[in-house]
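Novice: Build the 3D model from these lines:
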Amino acid sequence: MRDSSTHGVMWRLCVRKGGIVRVVLVTQYDCDIVECGGAETYLRNLATGLRKRGHEVTFATSNAAVSELISDGGGDIFHFHTAMAYPDVSEQSVMLVKTLAIPYCFTLHDYWPICVNRMMVMPKQGNNPHICGDTLCESCNNQCGFYIPNPYWFQLLRFAPCICQTQSSQDMFSRHGLMNTHLITNAIDAEAFAPGEFDADNKRVLFISAHGQMPWKGWNQWERIKPLIPEAEIVEVIGGVPYADMPEVYRNAAVFVFCSMYHETTGMAALESMACGTPIVANAVGGLRNNVIDGETGFLVDRNDAQSAANRVNELLSNPEKRRQMGLNARQHILDNFKIDVMVDRQIEFYERTIRGETVYGQKVSA
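Specialist: Sure, this is the predicted structure:
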């Protein structure tokens, strides 16, 4: 390994042939292999887009892998993700790149650095102050509470360059003390996720939860909605489904119900549904308020109001023309605002600025 006193300088001055950037994506899963949830979809899209432009991408899923890559000089920037909440990739990796002054950044996929409950709304359990149920918290905009689960991690992230994927999540992190946040919206593969032929008689109403029947993903709310939509043909996708199969699931539905009780940073399922021309009825939480245009690409409802959600579903099922137009609006909204190429361009620019030292909080370091 290079001497730490010159390590960061050498890294920053390194000019690679053709402007190629070697990106190390530090995360829980190797997303070239594993399909799971929205964060993994983002990482797969990012890696594919970077490689198409000739950049080098490596997934590191453990502290040992990060250390080995650093020893081999195998990365120009280390891009950390939610993996730090898991034991295989911990603060050890972050401290290593910080100590060696290697460029790094985070993408904040959920709220674990500032809230022990990740802004999830869970039932009250005894006297546990972190399980707040519906207790209101002004700081969190009526989410679960203002608790820092790990002050050490909070200090690591406080001034680090952190990417947020919606204005809502950026506002939330900034409000809770992270000082160096940057907005780069997520993206969707609009070629894979594309509409099918419109069916005016379609009554299929879709609910999806890759995490199973979890209250924080809206299962209990969905159970309250179902009896209120008697004309619907219910379609439930619970647990993992191959990514390649998901476009057909969305495009075959008349309406997608996304009743997450969690302060979603993005809500990738909403983008996927809209890309397929399927209007969405979603709880007005987190980034869904940024990504769903109420009354145009879908409907937003209060997260505790099953009746309003059901009313909107019934409205769309009984009015095929409104459903068709809303689906067209949704598709265009994705094409206009969530292109992978645009997202990747912004990420590359951010990487280059970070390597040059221009995203260091409070200062600009010239290469």
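Novice: how about the strands in this structure?
Specialist: Using DSSP state E, the strands found in the chain span residues 22-26, 56-60, 77-80, 104-107, 162-164, 181-183, 204-209, 233-238, 255-258, 280-283, 298-301.
Novice: Mind pulling the model confidence for the closest residue to A253 other than its chain neighbours?
Specialist: Computed as Cβ to Cβ, 6 or more residues apart in numbering, the closest residue to A253 that is not its neighbour in sequence is L206, at 3.8 Å. Heads up, the C-betas are built off the backbone N, CA and C, glycines and all. Per-residue pLDDT puts L206 at 97.
Novice: With F338 instead?
Specialist: 96.
Novice: cool, and D30?
Specialist: So D30 comes in at 88 (pLDDT).
Novice: With T41 instead?
Specialist: In this prediction, T41 carries a pLDDT score of 88.
Novice: Next: the one 3 residues further on.
Specialist: Here the pLDDT value assigned to R44 is 92.
Novice: list the contacts for it?
Specialist: Going by Cβ atoms under 8 Å, 6 or more residues apart in numbering, R44 touches 31-32, 35, 243.
Novice: who wins for most neighbours among these?
Specialist: Within the contacts of R44, most neighbours by other Cβ atoms under 10 Å means C31, with 24 neighbours.
Novice: got the contact list for it?
Specialist: 25, 40, 43-44, 47, 59.
Novice: what's the distance between the nearest residue to it once chain neighbours are set aside and D88?
Specialist: Leaving aside its sequence neighbours, C31 sits nearest to L43 (Cβ to Cβ, 6+ apart; 4.2 Å). Distance, L43 to D88, by Cβ to Cβ, to the nearest Å: 16 Å.
Novice: burial count for N311?
Specialist: 15.
Novice: Same check on the one 10 residues further on?
Specialist: E321 is flanked by 8 other residues according to other Cβ under 10 Å.
Novice: give me the number of residues near the closest residue to L156 other than its chain neighbours?
Specialist: Closest residue to L156 apart from its sequence neighbours, by Cβ to Cβ, 6+ apart: V94 at 5.6 Å. Look at V94: counted by other Cβ under 10 Å, it has 22 neighbours.
Novice: Thought Y104 was touching V94, still the case?
Specialist: Yes - between V94 and Y104 there is a contact under Cβ atoms under 8 Å: 7.1 Å.
Novice: Now do the shared contacts for the two.
Specialist: F80.
Novice: hmm, back to that, would you mind measuring from the residue nearest to C31 to V34?
Specialist: 10 Å.
Novice: Which one of those two is surrounded by more residues?
Specialist: L43 (25 against 15).
Novice: was I right about the more buried one contacting V24?
Specialist: No - with contact defined as Cβ under 8 Å, L43 does not count as touching V24 (12.0 Å).
Novice: Please enumerate the shared neighbours of these two.
Specialist: F59.
Novice: Quick one: the helices in the stretch 151-300 of the chain, in order.
Specialist: 151-158, 167-175, 219-225, 246-251, 268-275, 288-291 (DSSP state H, counting those that start in this stretch).
Novice: I'd like the average pLDDT over the fourth one.
Specialist: Taken as a whole, helix 246-251 has a mean pLDDT of 95.
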